[in-house]
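S.K.: Build me a model:
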Amino acid sequence: MLRSSPGDTRGSTSDSSASPILETLVVFVLVFVAQFLTELVGLMGMLFVLAPPVTTNPWTVVTSVYAHGGVGHLLSNSVALVVFGWPIARATTRLRFHTFFVVTGALAGLSQILLTEAVGTATPVLGASGAVFALFGYLLTGNRLTETVASRLTVHPWVTLIVFVVLAGLVTVATGRPGVALIAHFTGFLLGLVAGRARLLQP
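M.R.: This next block holds a predicted model:
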């Protein structure tokens, strides 16, 4: 569905396409086990939960992306990772996939913390949902069909951005429920839409 460069097999072979997905799932499980063990000694929050002020435990900007609030949270993000991530992994390299995943996940988490902190309602966050939403957004705009349609339209970049913002808002509201970090989902999905339009992961 996504396009890779002709003759470039770095991200298109079956072995390499499977690797970043499987590797991320393994990290999910290892981090989940580490959460359980560190919870026993009261260190889980300090190590894996992104909370204000961010400067107190800056490493949680990354570790929180792979942490989860329970088995159900872990399973739902794992399924979404496979569904949305597999086509992308087939069309890019392992390094690009992992970098995209952690960067979009971190930015999504930071947006949730910083924006809610600004209005005095900040709460700790953890989970890969922001990164998964970024993969979903990338999948929508980084495929051949979308590229073909977009190439036939003359649209100002600002109009495209506005459309992406509206679409991200609609998807966020449609998938929202109590206790969900909606700003993180919105940010991740918007980043994915923009990155897909720019073919950021194309080798």
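S.K.: Tell me the secondary structure at H68.
M.R.: The three-state label given to H68 by DSSP: H, G, I helix; E, B strand; the rest coil is coil.
S.K.: all numbers from here: first residue = 51
M.R.: Noted, 51 is the first residue going forward, which turns the last one into H118.
S.K.: What residue, apart from its backbone neighbours, is nearest it spatially?
M.R.: L124 (4.1 Å; C-beta to C-beta, 6 or more residues apart in numbering). C-betas here are computed from N, CA, C, even on glycine.
S.K.: L93 versus that neighbour, what's the distance?
M.R.: 19 Å (C-beta to C-beta, to the nearest Å).
S.K.: can you pull the contacts of the residue positioned nearest the centre of the chain?
M.R.: Geometric centre of the chain, nearest residue: A181, 0.8 Å, by C-alpha atoms, centre = their mean. Taking C-beta atoms under 8 Å, 6 or more residues apart in numbering as the contact definition, A181 lies against V115, F150, F151, V152, T154, G155, A158, G238.
S.K.: Would you tell me what helix or strand it is located in?
M.R.: Using DSSP states H and E, A181 falls within helix 179-191.
S.K.: what are the C-alpha coordinates of that helix, in PDB please?
M.R.: Output of helix 179-191 as PDB, limited to C-alpha atoms (Å, rounded to 0.1, in the frame of the first residue of the first chain):
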ATOM      1  CA  SER A 179      -1.400   5.300  21.600                       C
ATOM      2  CA  GLY A 180       0.000   8.500  20.400                       C
ATOM      3  CA  ALA A 181       2.600   6.700  18.200                       C
ATOM      4  CA  VAL A 182       0.000   4.200  17.000                       C
ATOM      5  CA  PHE A 183      -2.300   7.100  16.000                       C
ATOM      6  CA  ALA A 184       0.700   8.500  14.100                       C
ATOM      7  CA  LEU A 185       1.100   5.200  12.200                       C
ATOM      8  CA  PHE A 186      -2.700   5.300  11.400                       C
ATOM      9  CA  GLY A 187      -2.300   8.900  10.100                       C
ATOM     10  CA  TYR A 188       0.700   8.000   8.000                       C
ATOM     11  CA  LEU A 189      -1.100   5.000   6.600                       C
ATOM     12  CA  LEU A 190      -4.000   7.300   5.400                       C
ATOM     13  CA  THR A 191      -1.800   9.900   3.600                       C
END
